[in-house]
Structure formats: C-alpha cells, structure tokens
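[1] following is a predicted model, sequence given first.
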Amino acid sequence: MGGFAGCHHDAIAQLEAGGHAKLICTCDPQPENFAKEQETWRLAPRGVGIFHDYRAMLEACHRGLDLLVIPTPINLHAEMHAAATALGLPVYLEKPPTLDHTELEQMIVADARARKSSLVGFNFIIEKPRLALKQRLLAGEFGAVQGATLSALWPRPASYFSRNNWAGRLMMEGCVVLDSCLGNAMAHFVHNLLFWTGESELFSWAQLAAVRAELYRAHAIEGADTFFVEADTTAGVTMRFALSHACAGNGTHLEMVLCEKAVIRYAVGSQIEVRWNDGRVEKITLEPFDPLIENHLDYYAYLRGENPRPATSLVDSRPFVALNNLAHISSGRITPIPSELVTALRDPKEQKDYLHVASMTAAHENFLVRGVWPSATGWGRAPGEVATPADLPRFRDVVRAMAGQP
Ligand SMILES: NC(=O)c1ccc[n+]([C@@H]2O[C@H](COP(=O)([O-])OP(=O)(O)OC[C@H]3O[C@@H](n4cnc5c(N)ncnc54)[C@H](O)[C@@H]3O)[C@@H](O)[C@H]2O)c1
C-alpha cells in the first residue's frame, strides 16, 4: 500500500470511478500502517478485501480476478508472479521485472501458464508521439540510425537509499537485487533507448552484441549510483548511457536518436524535437500523459482482446535485463568517485542531504559526445572489459564478488 503501490491505488480508484476497473482485494504485510490511505481510497465502502499475505489473498480471491498488480520490492516480483501465473492470472508487473537474466527466463516460462501475457510496467512505451516517431524511423524517413544516447541526472538525497531495506543493494539473502539508477529509477529511459534501436518492428527492442561499462558510487551503498555504459547492437548501432544519482539541483533526462538525416531529441514530460541536418527543427507537441492510468487502460484493452499485445512483455524485457547484467560484468567492480570531486550539500528547503559531483555534466558530455570514459580523465580505475551475451553465465559470480560475498 505504500511507495509506488500507493500510486497504483490512486490510479485504480480513479479508474473504478470511471467504470474501467473494480478493485477486489489488496494486501500489505502491515495494512494497519495505512489506515489514512485506506480511508482516502474508500476501501471499506468499495468492498475491497484486505489481506496481510498475498498467498492467502490469491487463494481466497483468484476466481474473481482478471489480473494481479505487483508494485512491490523487486526481489519479490518473481515469487509473486509465479504464484499468480500458477493460477492462470496475468500480471501488471512493475518494472524492472527482475534484474537477473536467469530469473527472467524462469518468469518467461511461468508466464506461459497465464491466460494472457503479463505486462511489465515501463511507463513510456505507449506514448503516442514515441510510437509515431518509431513508425517514421522504421519507414526510413530519418535515414539509418547511427547511434543513440541517454543522459539522465536525477538527484537523490541520502534518505532515498534508506527508505526501504533493498535500495542500492546488489544482493539480499543470496538473491540478486541489483537496485540502481540503470535498473530501477531511470529504467524507463533505458528501456526507451533500447526501443528506439529495436529495428525489426514497432514493438521491438535492440539485441545486444557487446557492452562496455564503468560503474561508480558517491553514496555509501553496496551498488552503483553512477553508470557509464556503451552497448553495440547486433545491427551495428552503438548506444551510450550516462546516468547518475550523485547530483543536486534540477534533474534532467534526454533520449537522443542520431540518424543519417536528423537527430531526435526526446525528453519525457518536457520536450520532443526532430533537428534535421538541413536546419529545420520540428517540434512535437506533448499531450498530457498520466503513465499509470494510460498503462492500466492499455493493458485492460489487451486483456479484452482489443489490443494485439501488452506494451512490454517479459520477453521484450530481455535486452534491458541483459544490459544491466552485462554492465556489471564489464565493469567488474564499482569504483568510488574520487572524493575531491564530491561535495556534500544540504537543501535548506527540503531539509535533505545530497552528494554532488560538479564535474558530472562535463563527464556525461565527454562520454556521450566524444566517447571519452571517466577512467581516461582520472576517475581512478582501468576501463571496463568488453562483455558479450556469452559472458552472462559469469553474472552471479561477478555480483557476489562485488557484494563481498563468498
Ligand atoms: N513505474 C514507475 O514510475 C515506478 C515508480 C516507482 C517505483 N516503481 C516500481 O515499483 C516497485 C515498488 O517500488 P517502491 O519503491 O514503491 O518499493 P517499496 O519498498 O516502497 O514497496 C512498495 C510496497 O510493497 C509493499 N510490500 C513489501 N512486501 C510485501 C509483501 N510481501 N506483500 C505485499 N506487499 C509488500 C510495501 O509495504 C510497500 O507498501 C518497484 O518495482 C519499483 O521499481 C515504479
């Protein structure tokens, strides 16, 4: 009921009021901690069953359900998805489905037991301007895709990493968590970039041939908070990703698709432009877009047989999960950002503490535009090795070593 699950409750209450959905039951290990929210969502007057355990809930209610929504910690996704699909129930599964490629394969097998495919809730694939631009890209209007870049700086205060027991963790109780900006907070944009470079059809994602990465941290966490990743697709397109939580001030994110005749600049929620080589600039209007409402409605349409497919299936998530795994394999370790580059700042308005790397924007630009790695500018490590999908079997050993586990 807390965290992002609360946002799903808000959205479903709104959808129910509009006659699109009916919430039958919900669960939380401690529903009594959410008395105020339960009143706001009017769970009692709506006749919603409340459970402490998802297994008891499914046992009691599964015959009356069309789908299950799973907006819980990443390390619970696989077991909850398995329990639902064993009963034939499709799932609206929050992204990331898992961040372990072997677990993803098990989930893909499990999903075949459900009446319909599960949806992985990457928010922005169904945006109309995105789909229209991808159609134009596939039709060849912009010429061949020559590269793609993602830059994202999302400040996160120290409290973000202590909000629950899994934030910033690589492993918990022997299981892979791999929580990070690449795998969690900015996962949408990463998956979007793979979508732009998926060339076989509209709903297709790039297949990875090779990945090189340098992972860093400024915060005192087990995982990385800063990623520099370069990935070659099997079609020969090079993508570069530069992401960090080690910053303060305003957050920014920008997806760029570099084509023969134009550059597409797509900033979710703020601006979309096509900059043609001949000087024309085409601005594309962003319509209001409520990701949760829109994705719920889109998935319901698929479940009713009105859409041919969910926006992102578990199978479609393979490149995203592989990218996360190969980035860790390639980097081999997580290097502390040199302390002289990190400043501790307190935001007096928010009363929150941030770690800020003032040279991060320059490091992003150097990497995304010129291909210069931070390791070449004194960030205290050797470059990452080239990792290919054939290296995936080494993933667990690499993560165990990173987490200091035997
Ligand atoms: N789509 C988006 O924009 C978006 C935004 C934020 C988070 N997320 C995703 O949502 C998921 C949850 O993230 P979060 O940060 O809200 O996590 P969180 O740790 O705050 O957990 C969410 C809720 O799950 C509940 N929970 C924990 N164990 C449970 C159990 N055994 N049974 C039932 N409920 C249980 C917690 O009590 C909490 O209320 C993640 O997959 C995350 O990536 C998506």
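    Yes, it's here.
[2] quick one: residue 331 and residue 384 touch, right?
    Yes: at 4.6 Å, residue 331 counts as touching residue 384 under the criterion of C-beta atoms under 8 Å. Just so you know, the C-beta spots here come from the backbone N, C-alpha and C atoms, and that holds for glycine as well.
[3] mutual contacts of these two, please.
    Common contacts of residue 331 and residue 384 (C-beta atoms under 8 Å, 6 or more residues apart in numbering): 213-215.
[4] Throw those into a markdown table and include distance to residue 359, neighbour count and pLDDT, thanks.
    Converted to a markdown table, those look like this (distance: C-beta to C-beta, whole Å; neighbours: other C-beta atoms under 10 Å; pLDDT from 0 to 100):
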| residue | distance to residue 359 | neighbour count | pLDDT |
| --- | --- | --- | --- |
| 213 | 19 | 27 | 98 |
| 214 | 15 | 27 | 98 |
| 215 | 17 | 24 | 98 |
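[5] which residues in the stretch 251-400 of the chain form helices?
    291-303, 318-331, 360-370, 395-402 (DSSP state H, counting those that start in this stretch).
[6] pick the most deeply packed of these.
    Of all these, helix 318-331 has the most neighbours on average by mean count of other C-beta atoms under 10 Å, namely a mean of 26.
[7] who are the packing partners of that one?
    Judged by 3 or more C-beta pairs under 8 Å, 6 or more residues apart in numbering; DSSP states H and E, helix 318-331 is in contact with helix 101-111, helix 187-196, strand 208-217, strand 226-233, helix 395-402.
[8] and the ligand, which of the ones you listed is closest to it?
    Ranking the helices and strands packed on helix 318-331 by proximity to the ligand (C-beta to the nearest ligand atom) places helix 187-196 first, at 6.7 Å.
[9] now the residue of the stretch 101-250 of the chain found nearest the ligand. Nearest residue, chain neighbours left out?
    Among residues of the stretch 101-250 of the chain, the one nearest the ligand by C-beta to the nearest ligand atom turns out to be residue 164. It sits 3.7 Å away. Closest residue in space to residue 164, ignoring its immediate chain neighbours: residue 73 at 6.6 Å, by C-beta to C-beta, 6 or more residues apart in numbering.
[10] count of residues packed around that neighbour?
    The number of residues packed near residue 73 is 18, by other C-beta atoms under 10 Å.
[11] ok, back up a step: and the residue of the stretch 101-250 of the chain closest to the ligand, which of the three is it?
    coil (DSSP: H, G, I helix; E, B strand; the rest coil).
[12] what's around it, how many residues?
    Neighbour tally, residue 164, other C-beta under 10 Å: 13.
[13] these two touch, right, it and residue 72?
    No: with contact defined as C-beta under 8 Å, residue 164 does not count as touching residue 72 (10.5 Å).
[14] where do the strands sit along the stretch 251-400 of the chain?
    For the stretch 251-400 of the chain, the strands defined by DSSP state E, counting those that start in this stretch occupy 252-259, 262-267, 271-276, 281-284, 334-336, 342-347, 352-357.
[15] using TSV, lay out the ones you listed together with mean pLDDT, distance to the ligand and mean neighbour count.
    Formatted as TSV, those follow (pLDDT from 0 to 100; distance: least, C-beta to the nearest ligand atom, whole Å; neighbours: other C-beta atoms under 10 Å):
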stretch	mean pLDDT	distance to the ligand	mean neighbour count
strand 252-259	98	13	20
strand 262-267	98	16	20
strand 271-276	98	19	16
strand 281-284	98	22	12
strand 334-336	98	20	18
strand 342-347	96	21	13
strand 352-357	96	17	19
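[16] residues in the chain within reach of the ligand, list them.
    Residues of the chain lying close to the ligand by C-beta under 6 Å from any ligand atom are 1-5, 27-29, 54, 71-74, 76, 94-95, 121, 123, 164, 184.
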